[in-house]
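**Student:** Return a 3D structure for these sequence lines:
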Amino acid sequence: MSHPRCDQTVAWQALAGHHQAHGREIDLRALFADDPDRVRRLTMPAPGLVADLSRCHWDVATREHLMGLARECGIEARRDAMLAGDPINATEGRAVLHTALRAPKGQGPHSELVHGVLDCMLAYVDAVRTEGRFTDIVNIGIGGSDLGPQMVVPALEAFVDARVRFHFVSNVDGQDLASVLSQVKPATTLFIIASKTFTTQETMANAQAARQWFVDAGGTDIATHFVATTTHVEAAAQFGVTTTFGFWDWVGGRYSLWSAIGLPIALALGSEHFRALLAGAHAMDQHFATARLAANVPIQLGLLDVWYRNFMGYTSRCISPYHNGLRRLPAYLQQLVMESNGKCVDADGQPLPYATSEVVWGEPGTNGQHAFYQMLHQGTDVIPVEFILVKRPSFRHPEAMSPALRALFDDQHRMLLANGLAQAQALMWGKTTAEAAGEQAPTASKDLAPEVIARHRTFPGNRPSLTLLLDEVTPSTLGALVALHEHRTFVSGALWGINSFDQWGVELGKALCKELLPRLSSGDVSGLDAATASLIQQLRA
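**Tutor:** Sure, this is the predicted structure:
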């Protein structure tokens, strides 16, 4: 590595000393009392959104030490190397250029290639949408070939072609595909097979089953009803696919929704809105590339992740979007963060003496409030929560609603926002035992002493959160939101000195699966460990 690993810097030692002296006792309520200007200083605009980081567990000194760490680790030079197309994915000898996929023509690496594929794909999209032949589009992929489109399409439902239903199949469990096939008709269904190599086990198993279903129903025009996003044109042709859109080895799967993998997104939104999605992401790229450290939102969030994981000891973060369209965002971010930064060796292959990726999880509000918020408020672990609030709701064809119905939906949106604001407030302020003792608790047992009930109704507070505020979920703002998290993930990975762009941890289980698959048919358990052998025998019994 040309830049020092985080633990080899002076700033890291300073952070350790700062945490020992001050960080462990940080109290948000005291920070707000001592600094009336805290909210203003820690509210940062970025393209498409505003980040309120005032309720995070850090203070002025913490941020200064963290920015010192960023400078000493050369975060800006590392960022510039990625954006320039240097082969920063050293273990695979590849550049990392998902940002080139959303750069305007002539403004990014490989621009002619990128825009050649983009223009061809969007011409196909316009033709399909104009013809109006398909009522259902089924995307067959897995991982990055599934999670991105599956997240974006419902998030932008207000912009989606209402004449077409979109389905996403990823699990090799046949029930996943069978459920979708029961809802569609061969004559009006388009299948997209999303696999870079056209060999992905789960994807090809589902693709073959979909083709068999199509043929069994009398379908003959496979070339019209099946398209592929792949680099293996020959394998696609052998399958019967003649329409393919490719991408490149410098596009990682979890960063690929901007590429041909975004075909289902483009079919749902149309070419103009797909270009707006790319433009929103590019605007965030520009912010990441040019904003100074103290105002650079992706860098600030990446620094916060390192502080939380390595000094505060927080092992997970909860994503809580108060927008039902963003219900798949936690799952999308789960792959982005955990597959990128779930590494135990540095870029030189040396074991790391510190923790890396946190666990990312969550559900949309207000559903989460009735599921796991009990633990967030009163559990023994401190779990930072990330709220996403959206000023204005987005509805498909709001003009078709009666004024009375629209008024009710407006009331519900205010209720949704109030819930999000209240949860962040409750996490921070909590409730003392004295406050609880002064309240009525109608459902409390009359057999317990009031002071006991009061202790049960005490909230410790001082639980950290941050809020990302969007005016509206549009293609542009969603593009910016996703790009923000991509760059944030890069920053924390770069500070940890790991390669955030390989995923060797995915390979071992896949290789073992290929060895075990024939054994489930043959029953041969020779050479296997006792547990695996026993389970195979039980499964075959």
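**Student:** Can you give me the distance of Ser170 to Leu326?
**Tutor:** Look at Ser170 and Leu326: by CB to CB, to the nearest Å, they are 19 Å apart. Bear in mind the C-beta positions are built from the backbone N, C-alpha and C, glycine included.
**Student:** of those two, who's got more company?
**Tutor:** Neighbours per residue (other CB atoms under 10 Å) separate Ser170 from Leu326, with Leu326 holding more: 25 against 20.
**Student:** The more buried one is in contact with Phe387, isn't it?
**Tutor:** No. Assessed by CB atoms under 8 Å, Leu326 is found out of contact with Phe387, at 11.3 Å.
**Student:** Let me know how buried Pro518 is, in neighbour terms.
**Tutor:** The burial count for Pro518: 9, using other CB under 10 Å.
**Student:** which residues are in contact with stretch 222-240?
**Tutor:** 124, 145, 186, 189-199, 207, 210-211, 214-215, 219, 241-249, 259-261, 263 (CB atoms under 8 Å, 6 or more residues apart in numbering).
**Student:** Ok, stretch 197-214 next?
**Tutor:** Contacts of stretch 197-214 (CB under 8 Å, 6+ apart): 138, 140-142, 145, 169-172, 174, 176-177, 181, 186, 189, 191, 193-195, 222, 225-226, 228, 230-232, 235-236, 239-240, 510, 513-514.
**Student:** Emit the ChimeraX select command for whichever of the residues you listed are buried.
**Tutor:** This is the ChimeraX syntax for the buried subset of the contacts of stretch 197-214, where burial follows 16 or more other CB atoms under 10 Å:
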select :138,140,141,142,145,169,170,172,176,177,181,186,189,191,193,194,195,225,226,228,230,231,232,235,236,239
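**Student:** In strands, which of the contacts of stretch 197-214 appear?
**Tutor:** 138, 140, 169, 189, 191, 193-194, 226, 228 (DSSP state E).
**Student:** Closest to Gly379 out of those?
**Tutor:** Among those, Val169 lies closest to Gly379 (CB to CB), at 36.0 Å.
**Student:** What's opposite that closest one in the beta bridge?
**Tutor:** Following DSSP bridges, Val169 is listed with bridge partners Ile140.
**Student:** That one against Ile140, yeah?
**Tutor:** Yes. Using CB under 8 Å, Val169 is in contact with Ile140, at 5.0 Å.
**Student:** Residues that sit against both of the two, list them.
**Tutor:** By CB under 8 Å, 6+ apart, Val169 and Ile140 have these common neighbours: 177, 206, 210.
**Student:** out of those, which are inside helices?
**Tutor:** Of the positions in the shared contacts of Val169 and Ile140, 177, 206, 210 sit in helices, assigned by DSSP state H.
**Student:** Touching, the first one and Phe168? I think so.
**Tutor:** No. Taking contact to mean CB under 8 Å, the distance of 10.6 Å between Leu177 and Phe168 leaves them out of contact.
**Student:** What is the longest helix of this structure by residue count?
**Tutor:** The chain, longest helix under DSSP H: helix 403-429.
**Student:** so how far is the very next helix or strand once past it from its chain's centroid?
**Tutor:** Following helix 403-429 in sequence order, the next helix or strand is helix 433-437 (DSSP states H and E). Computed by CA atoms, centre = their mean, to the nearest Å, the separation of helix 433-437 from the middle of its chain amounts to 39 Å.
**Student:** can I have the following helix or strand past helix 433-437 written out in CSV, keeping just the CAs?
**Tutor:** Tracing the chain past helix 433-437, the next element assigned as helix or strand by DSSP H and E is helix 450-456. This file holds the C-alpha atoms of helix 450-456, laid out as CSV (Å, rounded to 0.1, in the frame of the first residue of the first chain):
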residue,chain,number,x,y,z
PRO,A,450,-44.7,2.2,41.3
GLU,A,451,-40.9,2.5,41.5
VAL,A,452,-40.5,-0.9,39.9
ILE,A,453,-42.8,0.1,37.0
ALA,A,454,-40.9,3.3,36.7
ARG,A,455,-37.6,1.4,36.2
HIS,A,456,-39.2,-0.7,33.5
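**Student:** pLDDT on helix 450-456, on average?
**Tutor:** What helix 450-456 shows for mean pLDDT is 95.
**Student:** quick one, the following helix or strand past that helix and helix 403-429 angle?
**Tutor:** As assigned by DSSP H and E, the chain's next helix or strand after helix 450-456 is strand 465-470. Counting by axes from the mean of the first three to the mean of the last three CA atoms, to 10 degrees, strand 465-470 lies at 150 degrees to helix 403-429.
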